[in-house]
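# Pasting a predicted model and its sequence here:
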Amino acid sequence: MGKLILMQLLNGFVWGWLLALISIGLTLIYGQLEIINVAHGTMYTIGAVTTFYTFILFKSWSYALIISPLFMGILALFIYLSTIRFVVGGSPITTVIIAYGILFILEQLTLLIFGGVPRTIPNPIPQSITLFKGISYPLYRIFCAGFSIVVITLLLTFLKKTKLGLWIRATKQDHETAAAMGISVPFVFMFIFVLGSALAALGGVLAAPITGVTFDMGNNIVIDAFIVVIMAGFGSIPGTIVAALIIEMVIGLSAAFVNPVIAKVVGLAVMLIALYIRPQGIFGEE
Amino acid sequence: MASFYKKRNNLIFFSIIFLALIILPNFLGYYQRYIIIEMLIWGLYALGFDIILGYTGLLNFGMSSFFGIGTYGITLSVLRLHANLWLAIAITILACIIFSLVYGFLVTRFCSHYFVVFTIVVSMILFFVAMNLRSITGGDEGLTFPVPPLTLGFVTLNLKNITVKYYFVLLICMLVLYLVWRFFESPYGKAIVAVRENEDRARALGYNTAQLKLVSFTLSGTVAGIAGGLYALHIGFTSAPIFFWLLSGKAVMWTVVGGAGTLIGSFLGAGILVYAEDLISSWNADIYPIIVGLILIIVIMLAPKGIMGALKRLKKASF
Amino acid sequence: MGVIFNIEGLTKKFGGLVALDNVNFELNEGELKAVIGPNGAGKTTLFNIITGIYPPTSGKIYFMNEEITNLKPYEICRKGIARTYQITSLFQNLTVQENIRLAVQVGYGKHINFFKKALELKEVINKVEEILELMDLEDKANVAVSNMSHGDQRLLEVAIALGSNPKILLLDEPTAGMSIKETKDMTNKLKELFSTGKIKNIIIIEHDMEVVTELAEKICVLNYGKVIKDGTVEEVKNDPLVQEIYLKGGRQDAKG
């Protein structure tokens, strides 16, 4: 039993970092552009789908780590310039509808190109390593968590140390002041949308060998991501990491005792209670 | 004075539509009647959403919860309790009211963003619970049930008959629409609009805004639940996936495209989009979500206040 | 002429910031009292606490011998205390008439009514017309608030506070942002309302000393959350401390 719990906690830890990676993209988009981007899940799906094609083409999964986010970034750029940039900062209702339109279009295109049949990608790192207490854990999953941590750390460093990162943080504080200081706010918004979408796609690349690839796999993830983003406190990246880890580890732990579906419910219920106790989120302001 | 004429014109306009809908079945085939029934049911569902969004100003992203409970209310009443039609409807309405009251009491204390997420979380909890409780809900395979007959006094009508169903659904929709309209013409309904417009000031004027939001939430959920009940009666079937969040999104789409805060906008939006989906999918099933997506984007960019909003602007401009 | 409203030892802290410090305040029946003080002195905070928007850190508030300290905003309004806002807070997309009607219908307890049409409540409609006339807003009855001038919006601010038939009216800088003429009109209007007994008790926050001297009998001076002086207009005007901080200290309102 103890072994099972440990395994599940590890799973939760891995998924937590993966979810954090995906959700940070949404935190940036929702927090800064105020867009209720229900299409964020399709970015994740596209990440996984392009991974599949990359694998078919190059017989290697690892190339997808570069190709998929790049592809998604370009696609996101196109999406942003054709629709999103006109509704940034508009009423939440308008943004939700636009996001829906994008969701339908992208998902249907994915279905038409990829098909409705779920596919799998072989595990790129099939070995397991032996951790303490004689538990054997898939190395690939540890890699996923590690890679996510690295990317998130790079992102935080980027935000703190580079000029563009400074622009992003300044714009988050106050659009008007940032614009008055000479920051190109439209460029910042565009960059955030592209970056957020690329991060979601990267999440899809990492998840694909574990979950398999289906054309609508993003629809489940996007809900989790939204919950994490609000739990975190609007626009807070550290909060996103903490919230994602908490929810996945609660679900993971519960899955040691109940079936996975009920475990999910427990996780959601915990979020609800947390929201009740602290409505502004983990790091949000009153 | 202008508003008086507007009211007269609106009344005439709606009477014509109502009459048209009553006479229409004579000229329509089976399939067209089927589609109109669906347009009406989804319109009613969207109306439930309009109550909480258009009139109360709260974005409830979990309308599928109420719709799903409505479908299961009817299904389980008939299957497990062997209820006749009217009892099943009464049980369903009661279940929706109780569910909405408890749910509303917990959630209306939150302001915008947290309210939205709370409703999403609850709807997903319901989804997973429903998927898991296979013995009660039938899980993703769902439950089929025999549609009970429609008994009025001594007359028994077969609700599976498309014409009977058509009038049944039409009359219930018209009735609910009328009651909701009267509600928002009443002082209480106006008070709810005050909460939407400026909740702080409404409170300062003496309104118990928590109570107002709760009542509106309950009305919204019950209307959506009635639509769910009608849907179950329409297809004689329901299943757990009905609780999935994509259905909630449809309510948002239909109401906003039609025009939020106008009541009739929800029927308009649902009607047009459901009909368009049907039309386009029969022409080319592969393309239709893409076209619907494009329609959504174009409509909302050109007319952020929906079709009704655009019509109002045209009316003003013509003077 | 007894005391109908009083505050005892009211203190409000926001984290480390002390917004109000042991404030005592009294209003006699039939009195018009002004609250003045530099920006940030705590005047609006005082109103916010009285109307229940947030609770005090300590202290009590009494109205007609009843403690109202921790009541909710809507309960306080129903007890008979109404207020206007420094930053206009109206139902922007509704018409003047609709704004007033909303205020009146709850003031008359007529809002819990699901069956009659709002426009058919005769008592409410009559009262709305009365208020429209009182505030000279009749010809603007069907204008949407967002289409009105700032001065008219400030008049409406007062108008809707009248809707609930308040026993005490709290006015928070009613002339804020008004031109000289608009200020004069508002001042005369308020004078008229008070002298004709339409509103019997008023507490007014104001920056414009001309308005204060025109209307008030008593003044309470706040500075950094503390009451510096509380007395008649003459007493306050001649108080050296008040003169130093407020009247002479360069913090006069530019309208002067």
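Perfect, I can see it now. These figures come from a predicted structure and were not determined experimentally.
# how long is stretch C:10-21 end to end?
7 Å (Cα to Cα, to the nearest Å).
# Reduced to three states, what does residue C:60 come out as?
For residue C:60, the secondary structure call by DSSP: H, G, I helix; E, B strand; the rest coil comes out as strand.
# per-residue confidence at it?
pLDDT for residue C:60: 94.
# Tell me where chain A has strands.
Secondary structure of chain A by DSSP state E: the strands cover A:128-130, A:136-138.
# got the CA coordinates for the longest helix seen in chain C in CSV?
Assignment by DSSP state H gives helix C:180-195 as the longest helix of chain C. Written as CSV, here are the backbone C-alpha positions of helix C:180-195 (Å, rounded to 0.1, in the frame of the first residue of the first chain):
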residue,chain,number,x,y,z
ILE,C,180,-19.4,77.3,-10.4
LYS,C,181,-22.9,77.6,-11.7
GLU,C,182,-23.7,74.0,-11.2
THR,C,183,-22.3,74.2,-7.7
LYS,C,184,-24.6,77.2,-6.9
ASP,C,185,-27.6,75.3,-8.3
MET,C,186,-26.8,72.2,-6.3
THR,C,187,-26.2,74.3,-3.1
ASN,C,188,-29.5,76.1,-3.6
LYS,C,189,-31.3,72.8,-4.2
LEU,C,190,-29.9,71.2,-1.1
LYS,C,191,-30.8,74.3,0.9
GLU,C,192,-34.3,74.1,-0.4
LEU,C,193,-34.7,70.4,0.4
PHE,C,194,-33.5,71.0,3.9
SER,C,195,-35.4,74.1,4.7
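# Going toward the C-terminus from it, what's the next helix or strand?
strand C:201-205 (DSSP states H and E).
# Which SSE is immediately downstream of that following strand?
Counting by DSSP H and E, what follows strand C:201-205 is helix C:209-215.
# re the thing from before, for the longest helix of chain C, give me every contacting residue.
For helix C:180-195, contacts defined as Cβ atoms under 8 Å, 6 or more residues apart in numbering or on different chains pick out C:32, C:134-136, C:150-151, C:154-155, C:158, C:162, C:171, C:174-175, C:178, C:198-200, C:202, C:204, C:208, C:210-211, C:214-215, C:255. No exception for glycine: its C-beta is placed from N, CA and C like everyone else's.
# Got a quick PyMOL command for the buried subset of those?
Here is the PyMOL command that selects the buried residues among these (16 or more other Cβ atoms under 10 Å in any protein chain shown):
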select buried, chain C and resi 32+134+135+151+154+155+158+162+171+174+175+178+199+200+202+204+208+210+211+215
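# Strands along chain B, start to end?
Under DSSP E, chain B gives strands at B:143-144, B:150-152, B:155-157, B:237-238.
# Adding mean neighbour count, write those out as CSV.
Shown next, in CSV, are the strands of chain B (neighbours: other Cβ atoms under 10 Å in any protein chain shown):
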stretch, mean neighbour count
strand B:143-144, 18
strand B:150-152, 14
strand B:155-157, 11
strand B:237-238, 22
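# Let me have these in TSV, adding mean pLDDT and distance to chain A as columns.
Formatted as TSV, the strands of chain B follow (pLDDT from 0 to 100; distance: least, Cβ to the nearest Cβ, whole Å):
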stretch	mean pLDDT	distance to chain A
strand B:143-144	94	18
strand B:150-152	87	37
strand B:155-157	88	39
strand B:237-238	95	19
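# Take the ones you listed and write them to JSON lines, including distance to residue A:113.
Shown next, in JSON lines, are the strands of chain B (distance: least, Cβ to Cβ, whole Å):
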{"stretch": "strand B:143-144", "distance to residue A:113": "35"}
{"stretch": "strand B:150-152", "distance to residue A:113": "47"}
{"stretch": "strand B:155-157", "distance to residue A:113": "49"}
{"stretch": "strand B:237-238", "distance to residue A:113": "32"}
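# that older thread, got the buried residues for the longest helix of chain C?
Buried-residue list, helix C:180-195, by 16+ other Cβ under 10 Å: C:182-183, C:185-187, C:189-190, C:193-194.
# Direction-wise, compare it with strand C:201-205 and give the angle.
Interaxial angle of helix C:180-195 relative to strand C:201-205 (axes from the mean of the first three to the mean of the last three Cα atoms, to 10 degrees): 150 degrees.
# Just give me the neighbour total for the residue nearest to residue B:119 when sequence neighbours are not counted.
Excluding the flanking residues, the one nearest residue B:119 by Cβ to Cβ, 6 or more residues apart in numbering or on different chains is residue B:62, at 3.5 Å. The tally of other residues near residue B:62 (other Cβ atoms under 10 Å in any protein chain shown) stands at 28.
# can you check residue B:50 too?
Neighbours of residue B:50 (other Cβ under 10 Å): 30.
# Would you confirm that it contacts residue B:255?
Yes. Applying Cβ atoms under 8 Å as the test, residue B:50 and residue B:255 come out as touching, 4.8 Å apart.
# Mutual contacts of those two, please.
In contact with both residue B:50 and residue B:255: B:265-266, using Cβ under 8 Å, 6+ apart.
# Just the CA coordinates for stretch B:35-49, please, in CSV.
Listed next in CSV are the C-alpha coordinates belonging to stretch B:35-49 (Å, rounded to 0.1, in the frame of the first residue of the first chain):
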residue,chain,number,x,y,z
ILE,B,35,-35.6,20.5,-36.5
ILE,B,36,-38.0,23.2,-35.2
ILE,B,37,-38.5,21.1,-32.1
GLU,B,38,-34.8,21.1,-31.5
MET,B,39,-34.5,24.8,-32.2
LEU,B,40,-37.2,25.4,-29.6
ILE,B,41,-35.6,23.2,-27.0
TRP,B,42,-32.2,24.6,-27.4
GLY,B,43,-33.7,28.1,-27.5
LEU,B,44,-35.3,27.4,-24.1
TYR,B,45,-31.9,26.2,-22.8
ALA,B,46,-30.3,29.4,-24.0
LEU,B,47,-33.1,31.4,-22.4
GLY,B,48,-32.0,29.9,-19.1
PHE,B,49,-28.6,31.2,-19.7
